[in-house]
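*Asks:* Sequence unavailable; structure follows:
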C-alpha cells in the first residue's frame, strides 16, 4: 500500500470547491456584502488598537479624559522620538528578539522532534507520558513559580539569559500541538517510507517535516508572540538592566514616567510592530488556501 | 490509555515531588560574627531600589553615604516598582536578596521578618529608642528589630488655594472634621461652575479608589483597638466612613469609584490639572506636585496642605490622627563580615538626621523629624510654606495603615472585595461588611 | 478510483492499527519491534523531555506536596495534613471563584470555538485580501494586554463609554458593565473572545491546510454539497487539530488570569474573581503559598477531568 493508491487523482485542478461555479449576479452581491461585513468586523477588531495609536499621539492629560476623546487636540509625534532617546528601547528589543528566536527555535525543534515520537512511533508508556505532558499544562504557573525559581537559582541560572530561554522552551504546548498536527498526516505515508527503508529520522526529515510548514509556522508565531509578551517570567528571573526584555523594560519605563500614559501607549505601539513583522513573514506559510497536499509518496 | 498506568505515573511523580520539597534551598540564617564597621576597609554593598530615575531617594541616600564614607561603594539594583514584593519574595526565598533592601509596608515587614532572611538590627534600634524625633516602635517584634524606618509618609489634605478662593469657600483649618469637609465640598459644587470652572469635568474633591482611603481612616480615627475589632472581623466601625464616602459619590462631589477604577484615573492629574479642589493623599505627593509644576505636567496654582479632617463622632487624640506606613530598610542575613557591618551602618545613616536631611532636600518626607530637617524640607523650591502646611507635615499622630499580625493579609484582601462591592453600590454597606466577616471566619483566621 | 478515495474519507486520519504488524511480519518478532520502537520513541522524545522534567515536572510535583503544607515561600514548608483541604471546604470566596470560572468557561469556550472555526474556514478560502484579514484577526492577541484592557475599560464605561452610547440609542436600560455584578463577567468574556478568536483561528488554519484537496474533490464527485463536505471531510480530518484546540482552549479558559486581573481585579466584590486569580491572590497578596497550592490543585483537577473526558471522547471517535 502506498500513498498513491490511497489518494489517487489529479492534483492540478484542485481548487476550492466554491470557486468553481460560474459567476452569477447573486454571487456578486454576496461578495460585496461579505466584504463589507468583513471590513466592518476588521474595524471593530482594530478599534482598541486605533485608539492606542491615537493616544500615543496625544498630550498626556487627554489620554484618559472622561468623557472619552478620540482625536488629539495637538498631534505629538515627538513621543516616538522621545521613547528612543529616553529609554533603552534598542537594548530591550535586541534582548527580546534574541530570547524569542532561541525559544522559538528550541520549542519548534525539540517540540516537533518529540511530537514525531509521540505521533508516529508506538512504544510502551507513550500515552502515559503524553498525558503527563498535558497534565503539567493544567497547573497554573504562579503556583509553582517559586519552587521553580529556587531550583534555577540553586544552579546559578537566575538573572542569566539561560533562565528565560529554558523557562519558555520546554513547555508541553509545542509538543502537544505538533503531535496533533502529525496525527493529521496519514499513517500510510510514514509506513510507506518505512517499507522503502528510510530510518525514523529520515522519515521525520524527508517526509513529515516538509509537510508541516503551516503548523511549524503557527507554532513559531505563537511561541514568538508569547515570549515577546511575557512579563512575569523576566520579572521574576531578571535583575540586571542589561538583560531586560521589552515588556519588563516598558513596565520599568512606565513606572519611571508613572503618569505619562501617552508615552505608555507609544511604548505599547512600538512593542507590537516587531511581532507584526514576524506574523506577516510566518503567515506566508499558509499558502494558497487549501494546500496541494504534497502527497507525492 | 489505561487508568492504572496513570495512577502509577501520579504515584511516581508525587514521590519525586516529596523528595524535591525536602531539599528546599531557602532559609537558614547565618548571622555569624558581626564585625565592627571599619570605615577604612574597601567594601561594596548592594541595595535594592525601584524606578531609579523618578524615585531619586535611593541614589540620594547612597551618594550621601558614600560622601561620608568614601571607601564604601553602594551599588543600587533596580527592581520593579509595582511588583517589588514579588521579586523580593523570590529573592529571599532563594537566598539571593541584596545586602540592603527597602520594605514598603509593615505587613510585608512581618512576613519577611519570619523568613530568617533579615539580619537583627536591634543594636541600631537601641540608639534611636529614646530619640523623640523618630518613631521606630512599629518595627518592634518581641523586643527585636529587623528593619529601621527611613521614610514616614502620612496622609494629609491637599487643597487648591486658587480654586477655593475663586469659589469663595473657606480653606481647611486644623479643626476640620469630615463634616466640615463635606460642607466645603457641597459649597464648591455650587460655586465652582459660577467661578468659571467646567461643571462636567471639575469636581470639588477627589477620593482615590484605594481601600485605605476609607478603611484606614476608619481604623485610625475611631480609636478602637485592632485586637477587639479588626482581628475579630468586626467592622461596624467602618460604617459611618462608608456612608460619607457614598454620599460624596452620590452627590457627584468626586468622580465615582467605578469610573476612577476602570479608567485608571490618576490622582496626580486630577489635582494637578485643577480638576479637583481638595485631595486626601499621602505626603509623598508633595514632591511629585512640586516636580510636576516645574515640568509643566501640572498646572501652576497655589496649594497648601492641611491636617486630614477628623472623625466628627469622637476625637481620640490631641494631635490630628491620620495613617501612613513607614518605609524601612532591612539588611540581608546572608551578608557577612564587613559587608554586613557596612550595610548596617548604611541603615543607621539613612534613619538618622544626616539621611533625613538628604531626603528632605529632594522633598521626600523622612522618618526623622528634627527642626533642621523641617527647615531643609520647606526650603525646597516650589514647596508650600504656610504655617498650616508646616503644622500638618510635622505634627500628627500617625497610625499604621493596617494592623499588623497573623492573618492581616487575608483580612485586608477580603476587605478589599468588600470595598469594591460597597463603592460600586452592588451591595449595601451592611451586607458587604457582613460578608467580609463571614468570609474571614471561614478562612479559619479568627478565633472566637 | 474516486470511490475508493471517498470511502477513505471518513476514516482517513485514523490509525491503521492492526495493519501495521502485517507489513513487518517475517522481518522481526513483535518483541523486537516493540523494543526497537521504544528506543526510537525515546530517542525522539529525550531532547524535549530532559528540559521538561527539570523545568516543569519537578516543580509541579513539588506543588503536590506544598499544597498540603503551610508555606510562606521562605524556609521549609510545614506539613499540615488535611488542614488546607478543610479550609477549602469552608471558603466561600473559593466557591465563588470556582463557579465564576465555570461560568466563564461555559460561555467562552463554545463562543470562541465557533468564531475561530468560522474565521479559519473563511480565511482558508481563496478570498482576496485574506492575508490582511488574517493579520487583523490575529492582532488582538499580539497587542499588549495592559494597554488593550485599558481601552476596553473605557469603551465599557457605563456613562460615557462608546458601547453604552450605542446601546443607549435602542434602550434606556443600559447595562452597567464593569460596575455591575451581573454584567462584569459578560464584559470580560466579550474581551476574552475578541482577544482569543484570532489565536485559535491560526491553529485551526494550520490544521485546515493539512487536509489534502483530493478529499474535497473526491467528495464532490460523489455529489456531496458544501455542508456535507464540511461535516464529512473537514471535521473528521480536523479531529486531531480540533482536539488540540479544545484541550488548550479548555485549559486556557479554566486558567484565565491576566484579563480579569487587569480589567476588573476580580470585582465588583468577587463577581469576576476566577480560580487562577484566587491562586495568585492567595500566594502573592497574602503570602500563603501552601493554601494557594491547594486551590491550584483544584484547578488542576478540574482541568484534568475535562481533558480526560475529551481524551476518552476523542479515542472513541477515532476507533
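*Replies:* Right, received. Where do you want to start? Nothing here was measured: the structure is a model prediction, and the numbers come from that model.
*Asks:* So is stretch B:271-290 next to chain C?
*Replies:* No. Applying CB under 8 Å from any CB of the partner chain, one finds stretch B:271-290 separated from chain C by no less than 14.9 Å. From N, CA and C alone the C-beta is placed, and that goes for glycine too.
*Asks:* What's the mean pLDDT across that stretch?
*Replies:* The average pLDDT within stretch B:271-290 is 92.
*Asks:* right, is it up against chain A?
*Replies:* Yes. Counting by CB under 8 Å from any CB, chain A is contacted by stretch B:271-290 at residue B:273.
*Asks:* Now the terminal residues of that stretch, how far apart.
*Replies:* Stretch B:271-290 has an end-to-end distance of 12 Å (CA to CA, to the nearest Å).
*Asks:* Break chain B into its domains for me.
*Replies:* B:43-153+B:325-369, B:155-322+B:402-442 (automatic domain parsing).
*Asks:* Switch the ones you listed over to JSON lines; also include mean neighbour count.
*Replies:* Below are those laid out as JSON lines (neighbours: other CB atoms under 10 Å in any protein chain shown):
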{"stretch": "domain B:43-153+B:325-369", "mean neighbour count": "21"}
{"stretch": "domain B:155-322+B:402-442", "mean neighbour count": "19"}
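*Asks:* neighbours around residue A:132, how many?
*Replies:* The local packing of residue A:132 (other CB atoms under 10 Å in any protein chain shown) involves 22 other residues.
*Asks:* Could you look up the SS state of it?
*Replies:* Following DSSP: H, G, I helix; E, B strand; the rest coil, we place residue A:132 in the helix state.
*Asks:* which parts of the stretch 301-448 of chain B sit against chain C?
*Replies:* So far as CB under 8 Å from any CB goes, the stretch 301-448 of chain B lies against chain C at B:409-410, B:412-414, B:417-418, B:420-421, B:424, B:426-427, B:432, B:435, B:438-439, B:442-444.
*Asks:* Would the helix or strand hosting residue C:86 count as contacting chain B?
*Replies:* Per DSSP states H and E, residue C:86 falls inside helix C:83-90. Yes. Helix C:83-90 is in contact with chain B by CB under 8 Å from any CB, via C:87, C:90.
*Asks:* now what about the host helix or strand of residue B:44, what contacts it?
*Replies:* Using DSSP H and E, the element containing residue B:44 is strand B:43-50. With contact meaning CB atoms under 8 Å, 6 or more residues apart in numbering or on different chains, strand B:43-50 is reached by A:255, B:55, B:57-59, B:62, B:71-81, B:84, B:88, B:97-102, B:335, B:338-339, B:341-343, B:346.
*Asks:* out of these, which are inside strands?
*Replies:* B:72-79, B:100-102 (DSSP state E).
*Asks:* can these go into a markdown table with extra columns for pLDDT?
*Replies:* As requested, the ones in strands among the contacts of strand B:43-50 are exported to a markdown table (pLDDT from 0 to 100):
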| residue | pLDDT |
| --- | --- |
| B:72 | 93 |
| B:73 | 94 |
| B:74 | 94 |
| B:75 | 93 |
| B:76 | 92 |
| B:77 | 90 |
| B:78 | 87 |
| B:79 | 88 |
| B:100 | 95 |
| B:101 | 95 |
| B:102 | 95 |
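*Asks:* among those, which two are most distant?
*Replies:* Using CB to CB, the pair of these lying farthest apart is B:72 and B:79, separated by 21.2 Å.
*Asks:* Strands of chain B, residue ranges please.
*Replies:* Along chain B, counting by DSSP E, strands occupy B:43-50, B:72-79, B:100-103, B:140-141, B:144-145, B:147-152, B:155-160, B:203-205, B:276-282, B:303-306, B:321-323, B:326-331, B:397-399.
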